[in-house]
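[1] The amino acid sequence is not available; the structure is as follows:
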């Protein structure tokens, strides 16, 4: 099979490389592809077709067709005709039961007719509905391509690289190379990409060559993603030169998919690159000089050419390939039969215009050539070489030749001329609809080998001109791409507070909270942490809170515009709870606002709201032009909340500042030194106990944390914090409220100062103030010791009428407590409602206000 | 969407670095608007197929909020401007060419009105 050493071959015959091919050990040479080595070793069947499980062999040998898709070392759908061999590689067939040469599922091909016409699945498997999962399971395993390994993402690493190019040339053929060299004369920044690995060795002066690499598509702004295996280059090019050439089209005739039917370029590659004799006796079938010229080349390597048929000279009534066991045995031409084991057939060449069409070029049918050519290129995009139609010969005169046997238009999806006719007969009278119904052009070749044929067959059947039909939309990706490559590496940044590692050291369970990693609890018994806060002292890391400084003569005006609260009357050193409302009067975020000086405010936001609140502040500041500056200090400052009856004493031991109840009142903000760290201390009732929220420079995080823990503060996590806050009836924005909640329905009608001049959401709130809310956010206590799930239904008279948003078991209250949305007429304290818990309805009583220490004595003490 | 957008500070950058904040709308109605006025202000947008003035923020960059005039059919950005830094006391919104309760004329040069 392998010829004597020839000039120009890509092989290094001194280096043998062995690998496993469908269970067989095969040895090839360095420089071989998997396909060439296997072919040289006598393998002819590389895959089984999508629907009929027909054996398929090498066709294009250039990475376009679906015929050599195999699973290589667990990676599915690898085109082995372009995949270099590596020692020890395991190559397996896909979509087969048993083996490539004998596939049980090929029975679908024999039964054929009634069972597998186009649209068969859509029509047949819709009833009974309930049986669909069964059908699906069977169909999924019967049809399709390789199997995806669900763990594949962990074994390969992909990267994305953002790059710029002055000129990006796609295609390394003669035209592409010339264009690249020409562009390089004008300066640097010229990149050429080509899908062929052989071009990696290409050396062009001043041009960076990337190969093998595939341009996947063109997007606006000169964006061209390039698939280079495990790296995706996102090129931004000032100018894109498309030199993608023209793709050889299979001739459409019965038996055109038999193993041994090959495109001329594929045959040339086997002979020239790999010194392989692709058959013993050949028939050549074509309609251009390029194809006919191959007869001579075949003879030079000792292949007998039984017949060379130039379709320009003859218009056969019957033209069909026949075979045995899926391999071509003879060609029948108008009753004459020519034995062969290699049938070189070409329908001509179609410009590979997809990238141009995606960039916005128009595509037109060229009546002279019988192909589609790009016109009206958009600015910044050029086309050179045969992609423009230049130098091409007229395509085969007949869209499809007739004879006995299946005649494939689309080999990826196993669509025959009969299927196309049937679809048209059923009324799919637009090419876009027929495409979707038959799935022609929708397989792995992305229409490269079937787009033109399908339109020509369609035109013939409908007695229309191709130019009137036009083309289907060319969509990216132009070549199949691994999903992992599109996903790239995990890019979501993880945010950790400066104290984070202390939590890990203490054995905390860590949980995601937006972009942050936060401690959920420090042990299995989070109720111990709750108890510590109630009885003695706890400390929680709240560094994740959004923190903004708002400064300037316009600071008060800006804040009063953004919040329904009033701030102008606040004295420096005081704190106020604020809720942000949207233009529609809905609750957006909440936090505390401390006035540090006449024109300086310190604003905290929720942990997840920090970024959007900052942007919101800045937008309004930009719209209205307040004389205020906004600085986001979220990352710069760490924060902890020290809470519990012992917090004053503990903090006093770390500071010289006067913390007495008279000097440092509830809702006071003082700048004090704590353990030698300059700290902004806010006395707020975050968790309902006497407490201080300390904000200080992040680098001092561990130092201050250690100092507080040494004073007896027990660390507590998010879960105990939820319990503590719920005991106080505190609403968590985003947990207990949603995008429909407003201040009146959420029990905060006291908050908006409606006599203020104007603020965001004021008009909406005025409207809300005068209407009856449909539902209200209230507290509830369970009559029994059962814990409803968050989201559990409130049931009234047997109908769902509300939902639970928070529920926890509270030791301090001695009951299961929670917050829920209930209809307004059931929102009075003491009203009994039922809550669905698992499958049972359990009684609950509505409450208002805090469950624990309702007068707030503890936090004010 | 992959067009390039020019930040007034940072120059042309890929659009994914920016946050989009919608078209420039009417300013909030003054006085005591009807529910209809209010609903219109909060929810209704012109959504033109053509030139539109809109808000963008260079979220992944310098953080600046600015105005861009863009053709929504082609994503061609015709102009980018910083908002007019006039104060609210002037009785005008800080958006070039936008007086209270009026739509922004799409051809308004910066500082007009």
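    Happy to help now that I have it. Owing to the predicted nature of the structure, the values given are computational and were not obtained by experimental measurement. Residues are numbered from 1 along each chain as shown, chains lettered A, B, ... in the order given.
[2] buried residues in the longest helix seen in chain A?
    Secondary structure of chain A per DSSP state H: the longest helix is helix A:610-624. Residues A:610-624 are the ones in helix A:610-624 that count as buried (16 or more other C-beta atoms under 10 Å in any protein chain shown). Bear in mind the C-beta positions are built from the backbone N, C-alpha and C, glycine included.
[3] repeat for stretch A:229-246
    Within stretch A:229-246, the residues that qualify as buried are A:231-237, A:239-246, counting by 16+ other C-beta under 10 Å.
[4] Closest to chain B out of those?
    Lowest distance from chain B to these (C-beta to the nearest C-beta) belongs to residue A:236, with 7.2 Å.
[5] beta partners of the closest one?
    Here residue A:236 sits in beta bridges with residue A:164, residue A:223, as judged by DSSP bridges.
[6] From residue A:458, how far out is the residue lying closest to residue A:376 once chain neighbours are set aside?
    Excluding its sequence neighbours, the residue lying closest to residue A:376 (C-beta to C-beta, 6 or more residues apart in numbering or on different chains) is residue A:362, at 4.4 Å. In this view, residue A:362 and residue A:458 are 20 Å apart by C-beta to C-beta, to the nearest Å.
[7] and if you look at residue A:389?
    From residue A:389 over to residue A:458 (counting by C-beta to C-beta), the distance is 21 Å.
[8] Neighbour count: the two, which is higher?
    It is residue A:458, of residue A:389 and residue A:458, that has more neighbours when counted by other C-beta atoms under 10 Å in any protein chain shown, with 26 against 22.
[9] ok but the more buried one is inside a helix, no?
    Yes. Assessed with DSSP: H, G, I helix; E, B strand; the rest coil, residue A:458 lies in a helix.
[10] I figured it hits residue A:424, correct?
    Yes. Using C-beta atoms under 8 Å, residue A:458 is in contact with residue A:424, at 6.9 Å.
[11] How many neighbouring residues does residue A:767 have?
    Counted with other C-beta under 10 Å, the neighbours of residue A:767 add up to 16.
[12] Same check on the one 4 residues further on?
    Using other C-beta under 10 Å as the criterion, residue A:771 is surrounded by 9 other residues.
[13] the bottom helix or strand of chain B by mean pLDDT?
    Within chain B, no helix or strand scores below helix B:35-43, which has a mean of 83 by mean pLDDT, DSSP states H and E.
[14] Moving C-terminal from it, which element do we reach first?
    Following helix B:35-43 in sequence order, the next helix or strand is strand B:51-57 (DSSP states H and E).
[15] same question for that next one, mean pLDDT?
    Across strand B:51-57, the average pLDDT comes to 94.
[16] Can you spell out which helices and strands pack onto that strand?
    Other helices and strands packing on strand B:51-57, by 3 or more C-beta pairs under 8 Å, 6 or more residues apart in numbering or on different chains; DSSP states H and E, are helix A:610-624, strand B:19-23, strand B:65-71.
[17] what sits up against it?
    Strand B:51-57 has contacts (C-beta atoms under 8 Å, 6 or more residues apart in numbering or on different chains) with A:615, A:618-619, B:5, B:18-24, B:46, B:63-72, B:78, B:80, B:104, B:106.
[18] what angle do it and strand B:19-23 make?
    Computed with axes from the mean of the first three to the mean of the last three C-alpha atoms, to 10 degrees, the direction of strand B:51-57 lies at 140 degrees from that of strand B:19-23.
[19] strands paired with strand B:51-57, and their directions?
    Counting by DSSP bridges, strand B:51-57 is paired with strand B:19-23 (antiparallel), strand B:65-71 (antiparallel).
[20] Could you say which of these is packed most deeply?
    When the strands paired with strand B:51-57 are scored by mean count of other C-beta atoms under 10 Å in any protein chain shown, the highest mean neighbour count falls to strand B:65-71 (a mean of 20).
[21] which neighbours does the helix or strand just after that one have in its sheet, and in what orientation?
    Sequence-wise, the next helix or strand downstream of strand B:65-71 (DSSP H and E) is strand B:76-81. Strand B:76-81 has the following strand partners under DSSP bridges: strand B:65-71 (antiparallel).
[22] Surely residue A:844 forms part of a strand?
    Yes. Secondary structure of residue A:844 (three-state DSSP): part of a strand.
[23] I'd like to know how many residues surround it.
    29.
[24] got it, and residue A:323?
    Per other C-beta under 10 Å, the neighbour tally for residue A:323 reads 19.
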